[in-house]
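Asker: My questions are about this predicted structure, shown below with the sequence.
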Amino acid sequence: MLRYAVIFFIIALIAALFGFTGIAAGATEIAKILFFVFIVIAVVSFILNLIQKR
């Protein structure tokens, strides 16, 4: 999931470089959403792993 966030971030950078502000804004929003979803899943996985080892 983090890979997709990075891909959308790169797409946003390239689109912004060429002046496609609408596409860049959309790709940036998708990258942000995917990044935060990744963070939530990583934290939940870490907590469940700690619980399971007890």
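Answerer: Good, I have the coordinates.

Asker: Report the mean per-residue pLDDT for the helix ranked longest in the chain.
Answerer: Using DSSP state H to assign secondary structure, the helix with the most residues in the chain is helix 21-53. If you average the pLDDT over helix 21-53, you get 90.

Asker: Give me the buried stretch members for it, please.
Answerer: Under the neighbour-count criterion of 16 or more other C-beta atoms under 10 Å, helix 21-53 has 24, 27, 28, 30, 31, 34, 35 buried. (Each C-beta comes from the backbone N, C-alpha and C, glycine too.)

Asker: Which one of these is nearest to residue 4?
Answerer: residue 34 (5.2 Å; C-beta to C-beta).

Asker: Taking the centroid of this protein, which residue is nearest it?
Answerer: Note on the chain: the residue nearest the mean C-alpha position is residue 35, at 2.5 Å, using C-alpha atoms, centre = their mean.

Asker: isn't it right up against residue 2?
Answerer: Yes: contact criterion C-beta atoms under 8 Å: residue 35 and residue 2 qualify, at 7.2 Å.

Asker: coming back round to it: ok, now which ones touch the residue nearest to the centre of the chain?
Answerer: For residue 35, the residues meeting the contact criterion (C-beta atoms under 8 Å, 6 or more residues apart in numbering) are 2, 5.

Asker: circling back: would you list the buried residues of helix 21-53 in JSON lines and tack on distance to residue 8?
Answerer: Listed next are the buried residues of helix 21-53 as JSON lines, based on distance: C-beta to C-beta, whole Å:
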{"residue": "24", "distance to residue 8": "10"}
{"residue": "27", "distance to residue 8": "5"}
{"residue": "28", "distance to residue 8": "8"}
{"residue": "30", "distance to residue 8": "5"}
{"residue": "31", "distance to residue 8": "4"}
{"residue": "34", "distance to residue 8": "7"}
{"residue": "35", "distance to residue 8": "9"}
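
Asker: one step back: next one: the longest helix of the chain to chain centre, how far?
Answerer: Taking C-alpha atoms, centre = their mean, to the nearest Å, one finds helix 21-53 lying 6 Å from the centre of the chain it belongs to.
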